[in-house]
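Undergrad: Output the structure for:
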Amino acid sequence: MLLRRFNFIFAIFVILLVAYELIFDSTSDVIFYLLPIMFLLFGIEYVKGKNKRLGYFYLFAFSLIFLTAIYNTIL
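TA: As a prediction, this is how the structure comes out:
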């Protein structure tokens, strides 16, 4: 229950951050580091719940986005 509340609050925060990025045309890459964390938390929530297939899909998406963000940071 606590993870579900945290995910909801975190998702609202990310949506507001994306809106800020679009409106003010900011050049920060913060969204590319927060989005994988959101997918990771959603994946954990779904794997612990009844929808394991969707949870593993979120975890797979987390790993792809996270590795891409790390790769782009290094280069």
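Undergrad: chain center to the least confident helix or strand in the chain by mean pLDDT, what's the gap?
TA: One helix or strand of the chain scores below all others by mean pLDDT, DSSP states H and E: helix 2-24, with a mean of 82. With Cα atoms, centre = their mean, to the nearest Å as the basis, helix 2-24 stands 9 Å off its chain's centre.
Undergrad: other SSEs contacting that helix?
TA: helix 31-48 (3 or more Cβ pairs under 8 Å, 6 or more residues apart in numbering; DSSP states H and E). Using the backbone N, CA and C atoms, a C-beta is placed for each residue, glycine as well.
Undergrad: quick revisit: contacts for the least confident helix or strand of the chain next, please.
TA: The contact list for helix 2-24, computed with Cβ atoms under 8 Å, 6 or more residues apart in numbering, reads 26, 28, 30-31, 34-35, 37-38, 41-42, 44-45, 48.
Undergrad: Buried ones in that helix, by neighbour count?
TA: For helix 2-24, a neighbour-count test (16 or more other Cβ atoms under 10 Å) marks 7, 14, 17 as buried.
Undergrad: tell me the contacts of residue 48?
TA: With Cβ under 8 Å, 6+ apart, residue 48 has these contacts: 3, 55.
Undergrad: Now tabulate the contacts of helix 2-24 in CSV and tack on pLDDT and distance to residue 59.
TA: Listed next are the contacts of helix 2-24 as CSV, based on pLDDT from 0 to 100; distance: Cβ to Cβ, whole Å:
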residue, pLDDT, distance to residue 59
26, 67, 29
28, 68, 26
30, 74, 22
31, 73, 20
34, 81, 17
35, 82, 14
37, 88, 12
38, 87, 12
41, 90, 10
42, 90, 9
44, 92, 8
45, 90, 11
48, 91, 12
